[in-house]
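Asks: Got a predicted structure plus its sequence, pasted below:
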Amino acid sequence: MNHDVIIALDFPSAQRVYEFLDLFREEKPFVKIGMELFYAEGPDIVRRIKARGHQIFLDLKLHDIPNTVKSAMRVLSKLDVDMVNLHAAGTIDMMRAALEGLTREDGTRPMLLAVTQLTSTSEERMQKELLISASMPDTVKHYARNAQAAGLDGVVCSPLEAALVKEACGPDFATVTPGIRFSDSAADDQRRVMTPERARLGGSDYIVVGRPITQAPDPVAAYRRCVREFL
């Protein structure tokens, strides 16, 4: 299983993104394009960042009826990204349909990941507001098993549940974990967080890091620190 640090490009415009990426003169970091940037700039931002030599995680978290998600994934399959995702809560049928839509005629496709529970969601809120009565660990494990049954490559989960996912689904089932903070960073709006080093020890294959890098006084130094601590 590969391991890498993925920088979340949570910027409102292409200009801000290019200014940020231009800081990296020696590295070509793996990056995540989320809803804010994709909705602001459209698919062209994906093509331009890919042309710069970056691997891309396209984080749009699709969640709809199976046929709609299948059709959307067929469109996304034309973009040269390395990872895409959807919500595991959309059911096994939706995930299977997504996989079918994402797979190109030649059999190739990006990695497909299922989001289990957002790192901003606490167990209390999950149970009280979403009416999921199971514990957070049991919910994440169940969603991960559903994703594996649907043929997906892995899940997005908090680093606190990465080891549980590995235990439930095996070492080759990928764990992509946001909610990463340095020991001296603020948690911001995240609830289930972990340092890069603890995430590595806990079973994370990829960590997604946003503000601790993008809002750091020296983003390149922060990225390199993250790589040192994780890899």
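Replies: That came through, no problem.
Asks: okay, CA-based contacts and neighbour counts for the rest of this
Replies: Noted.
Asks: got any ranges where this structure has weak pLDDT?
Replies: 185-192 (pLDDT under 70).
Asks: hmm, who's touching the biggest helix by length in it?
Replies: Across the chain, the longest stretch assigned as helix under DSSP state H is helix 136-149. With Cα atoms under 8 Å, 6 or more residues apart in numbering as the test, helix 136-149 has contacts from 88-89, 91-92, 95, 113-114, 116-117, 122-123, 126, 153-155, 157, 161, 164-165, 168-169, 173.
Asks: now do stretch 100-116
Replies: 61, 69-77, 81-89, 95, 99, 139-140, 143-144, 147, 152-157.
Asks: From those residues, keep the buried residues only.
Replies: Neighbour-count burial (16 or more other Cα atoms under 10 Å) is assigned, among the contacts of stretch 100-116, to 61, 69-74, 76-77, 81-89, 95, 99, 139-140, 143-144, 147, 152-157.
Asks: quick one: which of those sit in strands?
Replies: 61, 83-87, 154-156 (DSSP state E).
Asks: can you map out the strands along the protein?
Replies: Under DSSP E, the chain gives strands at 4-8, 30-33, 56-62, 83-87, 111-115, 154-156, 174-177, 206-209.
Asks: for Arg48, what are its contacts?
Replies: So Arg48 contacts nothing (Cα under 8 Å, 6+ apart).
Asks: now the longest helix of the chain: how far from the chain's centre is it?
Replies: How far helix 136-149 lies from its chain's middle: 16 Å, per Cα atoms, centre = their mean, to the nearest Å.
Asks: quick one: the residue nearest to Gly90 when sequence neighbours are not counted and Glu105, what's the gap?
Replies: Residue nearest to Gly90 in three dimensions, not counting chain neighbours: His63, with 5.7 Å by Cα to Cα, 6 or more residues apart in numbering. Look at His63 and Glu105: by Cα to Cα, to the nearest Å, they are 24 Å apart.
Asks: Who has more neighbours out of these two?
Replies: His63 (18 against 7; other Cα atoms under 10 Å).
Asks: Next up, the contacts around the more buried one.
Replies: 69, 86-87, 89-90.
Asks: quick check, nearest of these to Asp218?
Replies: Comparing the contacts of His63 against Asp218 with Cα to Cα places Leu86 closest, at 32.4 Å.
Asks: The closest one bridge partners, please.
Replies: Counting by DSSP bridges, Leu86 is bridged to Leu62, Ala114.
Asks: contacting residues around it?
Replies: 60-63, 95, 112-115.
Asks: so can I have a markdown table of those residues showing distance to Leu231?
Replies: Putting the contacts of Leu86 into a markdown table (distance: Cα to Cα, whole Å) gives the following:
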| residue | distance to Leu231 |
| --- | --- |
| Leu60 | 26 |
| Lys61 | 27 |
| Leu62 | 30 |
| His63 | 32 |
| Met95 | 31 |
| Leu112 | 23 |
| Leu113 | 22 |
| Ala114 | 24 |
| Val115 | 23 |
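Asks: out of the residues you listed, which one sits closest to Pro217?
Replies: So of the contacts of Leu86, ranked by how close each gets to Pro217 (Cα to Cα), first place is Leu60, at 28.2 Å.
Asks: pretty sure the closest one contacts Gly34?
Replies: Yes: in this structure Leu60 lies within contact range of Gly34 using Cα atoms under 8 Å: 5.9 Å.
Asks: From Ile207, how far out is the closest residue to Met194 other than its chain neighbours?
Replies: Leaving out its chain neighbours, the residue that sits closest to Met194 by Cα to Cα, 6+ apart is Ile180, at 5.2 Å. Distance, Ile180 to Ile207, by Cα to Cα: 7 Å.
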